[in-house]
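S.K.: sequence first, predicted model second:
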Amino acid sequence: MLRLENISKIYPTGEVLKDVNWEVKTGDRIGLVGVNGAGKSTQLKIIQGEVEPTTGKIIRPNELHISALNQEFEVDPRRTVREEFWTVFKKANKIQHELNEIPEQMESADPDQLEKLIHKLDKKQRQFEALDGYGLEARIEKILPEMGFEIDAGDRLVSSYSGGWQMRMGLGKVLLQSPDILLLDEPTNHLDLETIEWLETYLKGLTIPMVIVSHDREFLDRLCTSIVETERGVSTTYLGNYSTYLTQKAEGQAAQLSTFERQQKELAKQQTFVDKFRASATRSTQAKSREKQLAKVERVEAPVNDLRGLQFQFQPAPRSGREVVTIADLTLTYGDKILFLGAGLEIERGDRIAFVGPNGAGKSTLLRLITGSEAPDDGTVRMGDHNVLPGYFEQNQAEALDLSKTVIGTIHDEVPDWKNEEVRTLLGRFLFSGDSAFKKVESLSGGEKARLALAKMLLRPANLLILDEPTNHLDIPAKEMLETALKNYDGTALIVSHDRYFVSQVANKIVEIREGELRLYRGDYRYYLDKIEEEKERARLEKIEAEKAVKTATRRAKDREKQAEKRKAKAT
């Protein structure tokens with residue numbers, strides 16, 4: 001269907017892609033992975049024709065239609081949902097608007113103008129029908145419920161919906177274009193767990209081949225049929241999902257390392273013979289022959305396993321008391337919305353709690369209540385009395401960092417007594433080397449700001465880490481390093497994250513925000529999911545029993561009525 005052959009891409013700043021070869025076939029759901037800057041988005045742009053490769057070619061049928069769902073969903077908050085879907089069909093949409101305007105113009109038109117407007121109306125209707133306008137209208141009405149919208153949702157404004165629902169609009173608009181291949185660039189960014197799970201289920205039901213760029217490992221695991229990794233500009237294809245890719249890559253590296261070491265041992269042995277007998281009167285001919293053979297040997301390369309990644313650990317901090325945070329009778333409302341109603345929670349030393357719940361449930365608000373940057377309407381949110389030292393990682397890095405400073409200046413201001421070399425070493429561990437250390441914060445990408453904020457956090461010992469979406473904008477290797485650091489951290493951590501894999505790796509307790517309450521599950525993420533399934537099953541059985549009870553009560557009532565009627569009839 002589509003194939004990338006020997007693709008390279010060189011920018012003035014350097015080579016991004018060197019040797020990229022992979023293909024998309026019918027039924028494929030390909031996960032495109034690699035560290036930030038590996039060229040994943042560049043490959044999507046090359047596929048779409050937005051960027052020309054330096055060398056190589058894209059092999060594809062002439063009529064192949066490719067559509068993309070980008071990281072930022074292009075929707076207009078002033079339109080209704082139905083109007084937003086109509087924007088996909090530009091010509092038909094323009095004519096439909098004109099058709100809606102003509103009847104209004106006819107109301108105030110004089111006889112001459114009226115006749116012209118009648119002719120214009122007839123012409124526009126024929127144009128609309130030629131573009132299958134009424135068929136397009138039917139397709140829009142069909143896609144609305146597919147995306148989960150209620151019957152009357154088409155007339156509501158886009159602005160009345162959350163980011164997750166706007167993502168559904170963006171996906172619906174892409175699907176209305178009837179693509180042969182679907183490109184998805186970080187589709188789960190900023191979505192809550194419920195919406196991510198809906199998206200997974202929906203995409204699994206599609207037969208359209210798709211290419212997915214995502215740092216959400218659970219999403220890649222559940223959806224992908226193959227993984228294409230781009231490392232140092234070279235692509236490698238692995239069949240299976242993300243977990244299978246990790247296993248295959250590790251096995252391949254181990255096999256390559258074993259072959260490399262055996263060859264190096266044999267080459268060293270032969271080189272020793274050559275060096276020993278090169279000047280020998282009796283064996284120099286044999287030595288020269290072996291030297292020629294050595295020169296012809298095709299060398300096995302050592303496996304690529306030294307890619308520079310994020311390396312850090314949290315600074316040790318004084319031990320806190322057992323009670324770290326106490327929440328009692330917490331009540332907080334925003335307008336008519338109740339976030340918390342009499343909620344309570346005890347957070348103890350060593351807890352690594354992940355707070356879960358849909359967008360808008362109050363997860364980030366709860367972290368702000370704990371830090372004291374927001375106050376409850378009623379109840380208390382209190383840190384422990386004994387030696388609690390909090391460190392807060394905010395979700396919006398633009399608000400947490402001084403945009404006017406440089407990267408190196410941001411760190412220097414925190415540790416003015418450090419030597420320049422010490423600061424550069426720290427920044428190097430967070431992938432700010434060379435000239436990038438002197439960039440202004442305002443020019444940094446979202447991922448760079450996240451790394452800088454983490455580096456800044458390292459400089460202050462804390463025994464209570466409060467982390468709001470710490471993995472946003474981080475690539476997979478960076479997430480893995482953060483996971484390792486948190487697992488080795490001996491303090492208390494409170495985490496809000498929509499990254500299910502990350503949560504499953506670091507949390508030892510889960511708190512779900514539901515109906516104004518804080519529901520504690522004393523186990524990891526898998527334990528939480530199992531308990532949720534148990535609750536759903538229990539609720540299902542209770543519903544069945546309730547329905548049975550209603551039917552039984554109804555039947556008994558009817559029996560009593562019949563018996564009463566019989567007695568009445570007998571009495572008369």
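M.R.: That came in fine, so what should we check first?

S.K.: and the chain, what are its domains?
M.R.: The chain breaks down by the TED database into domains covering 1-64+183-240, 78-179, 245-295, 320-389+461-523, 392-460, 530-571.

S.K.: export the host helix or strand of residue 96 as PDB, just CAs?
M.R.: For residue 96, the element it lies in under DSSP states H and E is helix 90-107. The C-alpha trace of helix 90-107 is given here as PDB (Å, rounded to 0.1, in the frame of the first residue of the first chain):
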ATOM      1  CA  LYS A  90     -15.300  22.600   1.800                       C
ATOM      2  CA  LYS A  91     -17.100  23.000  -1.500                       C
ATOM      3  CA  ALA A  92     -20.400  21.400  -0.300                       C
ATOM      4  CA  ASN A  93     -20.200  23.400   3.000                       C
ATOM      5  CA  LYS A  94     -19.800  26.700   1.100                       C
ATOM      6  CA  ILE A  95     -22.800  25.900  -1.100                       C
ATOM      7  CA  GLN A  96     -24.900  24.800   1.900                       C
ATOM      8  CA  HIS A  97     -24.200  28.200   3.500                       C
ATOM      9  CA  GLU A  98     -25.300  30.000   0.400                       C
ATOM     10  CA  LEU A  99     -28.500  27.800   0.200                       C
ATOM     11  CA  ASN A 100     -29.300  28.800   3.800                       C
ATOM     12  CA  GLU A 101     -28.900  32.500   3.000                       C
ATOM     13  CA  ILE A 102     -31.000  32.600  -0.200                       C
ATOM     14  CA  PRO A 103     -34.400  32.100   1.500                       C
ATOM     15  CA  GLU A 104     -33.600  35.000   3.900                       C
ATOM     16  CA  GLN A 105     -32.700  37.200   0.900                       C
ATOM     17  CA  MET A 106     -36.000  36.200  -0.900                       C
ATOM     18  CA  GLU A 107     -38.100  37.600   2.000                       C
END
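
S.K.: and it, what does it pack onto?
M.R.: helix 81-86, helix 111-130, helix 133-146 (3 or more Cβ pairs under 8 Å, 6 or more residues apart in numbering; DSSP states H and E). (Each C-beta comes from the backbone N, C-alpha and C, glycine too.)

S.K.: wait, which of the ones you listed is closest to residue 435?
M.R.: Residue 435 lies closest to helix 81-86 among these, at 42.5 Å (Cβ to Cβ).

S.K.: name the surrounding residues that touch that closest one.
M.R.: 75-76, 92-93, 96, 136, 140, 143-144, 149, 153-158, 161, 169, 172-173, 176 (Cβ atoms under 8 Å, 6 or more residues apart in numbering).

S.K.: just the buried residues out of the residues you listed, in ChimeraX syntax.
M.R.: Those of the contacts of helix 81-86 that count as buried under 16 or more other Cβ atoms under 10 Å are selected in ChimeraX with:
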select :75,92,93,96,136,140,143,144,149,153,154,158,161,169,172,173,176
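
S.K.: for this structure, where's the lowest mean pLDDT among helices and strands?
M.R.: helix 397-400 (a mean of 69; mean pLDDT, DSSP states H and E).

S.K.: surely residue 501 touches residue 217?
M.R.: Yes. The pair residue 501 and residue 217 passes the contact test of Cβ atoms under 8 Å, sitting 4.2 Å apart.

S.K.: next, show the common contact partners of those two.
M.R.: residue 479.

S.K.: packing partners of the lengthiest helix in the chain?
M.R.: Using DSSP state H, we find that the single longest helix of the chain is helix 525-571. When contacts are defined as 3+ Cβ pairs under 8 Å, 6+ apart, helix 525-571 packs onto helix 500-506, strand 509-514, strand 517-521.

S.K.: how far off strand 517-521 does the second one point, in degrees?
M.R.: By that I understand strand 509-514. Angle, strand 509-514 to strand 517-521, by axes from the mean of the first three to the mean of the last three Cα atoms, to 10 degrees: 150 degrees.

S.K.: re earlier: mind putting the helices and strands packed on helix 525-571 in JSON lines, mean pLDDT and distance to residue 205 included?
M.R.: Listed next are the helices and strands packed on helix 525-571 as JSON lines, based on pLDDT from 0 to 100; distance: least, Cβ to Cβ, whole Å:
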{"stretch": "helix 500-506", "mean pLDDT": "94", "distance to residue 205": "20"}
{"stretch": "strand 509-514", "mean pLDDT": "96", "distance to residue 205": "27"}
{"stretch": "strand 517-521", "mean pLDDT": "96", "distance to residue 205": "30"}
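
S.K.: out of these, which is the most enclosed?
M.R.: Of the helices and strands packed on helix 525-571, the one with the most neighbours on average (mean count of other Cβ atoms under 10 Å) is helix 500-506, at a mean of 22.

S.K.: can you list the neighbours in contact with that helix?
M.R.: With Cβ under 8 Å, 6+ apart, helix 500-506 has contacts from 193, 196, 216-218, 221, 352, 354, 356, 471, 479, 482-483, 486-487, 493, 495, 497, 510, 524-526.

S.K.: over to stretch 112-119?
M.R.: Outside stretch 112-119, the residues touching it (Cβ under 8 Å, 6+ apart) are 102, 105, 106, 109.

S.K.: excluding chain neighbours, what is closest to the first one?
M.R.: Once its chain neighbours are removed from consideration, residue 102 has its nearest residue in residue 121; the separation is 4.8 Å (Cβ to Cβ, 6 or more residues apart in numbering).

S.K.: quick one: residues contacting that neighbour.
M.R.: Applying Cβ under 8 Å, 6+ apart to residue 121 gives the contacts 99, 102, 103, 106.
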